[in-house]
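J.: sequence first, then the predicted structure:
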Amino acid sequence: DGGITQSPKYLFRKEGQNVTLSCEQNLNHDAMYWYRQDPGQGLRLIYYSQIVNDFQKGDIAEGYSVSREKKESFPLTVTSAQKNPTAFYLCASSMAGRSNQPQHFGDGTRLSIL
Amino acid sequence: GDSVTQMEGPVTLSEEACLTINCTYTATGYPSLFWYVQYPGEGLQLLLKATKADDKGSNKGFEATYRKETTSFHLEKGSVQVSDSAVYFCALTQTWLTGGGNKLTFGTGTQLKVEL
């Protein structure tokens, strides 16, 4: 079945440490997105990528970095500069170029601070 | 900018009760509207969508009608089940991001609890 796979499901970060969240999709979608979800809030866009080797900052990109070396992969690194990283992180993908196409989501990674 | 406002939860209902979750939006132009559902510990799943005024999206007994005159997209179900307990998000997409792609603007979510 086609879908989006995020790993790990749970992740713990120590002070001063960078951690990387994995996102892989086999839907053949061009566009991929990273969102952050905090309790009682909607999702906020961190980064997005429309094509390989290109990505753009979303609304809350500070303290995060991404890469897009392959169409099916869009890893997110939470750097030590992100002072409040505890959240639920969701990866999504969609067909590009059509605003009425829905985004498809993975099952998320929950990041906590040790 | 675009925004979505949902009724606050939690909404607690007995099984077989009727459900309405209100959603209103602010956007220029003609957004597409979505309802997503999130079960505990999981990602979001698309529940239904509507892409133009007066469209009705429906799935699994849920319905929502795109009302441009009232800028609303209320989610309804005639008879809820315990298995419908989840968080429901209303969202719109319209704004083109730099380099293409669609930006989803989400409401804050409404938690639904259905009891026997």
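T.: Cool, got the structure. Numbers count the residues shown, from 1 in each chain, chains lettered A, B, ... in the order given.

J.: number of residues surrounding the residue of chain A found nearest chain B?
T.: Proximity to chain B, evaluated over chain A using Cβ to the nearest Cβ, is greatest for residue A:42 at 3.5 Å. Using the backbone N, CA and C atoms, a C-beta is placed for each residue, glycine as well. Neighbour count for residue A:42, taken as other Cβ atoms under 10 Å in any protein chain shown: 18.

J.: check residue B:40 too.
T.: By the criterion of other Cβ under 10 Å, residue B:40 has 7 neighbours.

J.: quick one: contacts for the residue nearest the centre of chain A?
T.: The geometric centre of chain A, computed from its C-alpha atoms, lies nearest to residue A:34 (Cα atoms, centre = their mean), at 2.8 Å. Going by Cβ atoms under 8 Å, 6 or more residues apart in numbering or on different chains, residue A:34 touches A:23, A:45-48, A:58, A:64, A:66, A:74, A:76, A:89-92.

J.: and residue B:87, by the same measure?
T.: By Cβ under 8 Å, 6+ apart, the neighbours of residue B:87 are B:9, B:37, B:38, B:109, B:110, B:111, B:112.

J.: mind redoing it with 10 Å?
T.: A:37, A:40, B:9-10, B:36-40, B:44, B:108-112 (Cβ atoms under 10 Å, 6 or more residues apart in numbering or on different chains).

J.: quick one: strands adjacent to the one helix or strand in chain B whose mean pLDDT sits lowest?
T.: Ranked by mean pLDDT, DSSP states H and E, the weakest helix or strand in chain B is strand B:102-106, scoring a mean of 84. Its sheet considered, strand B:102-106 pairs with strand B:86-96 (antiparallel) by DSSP bridges.
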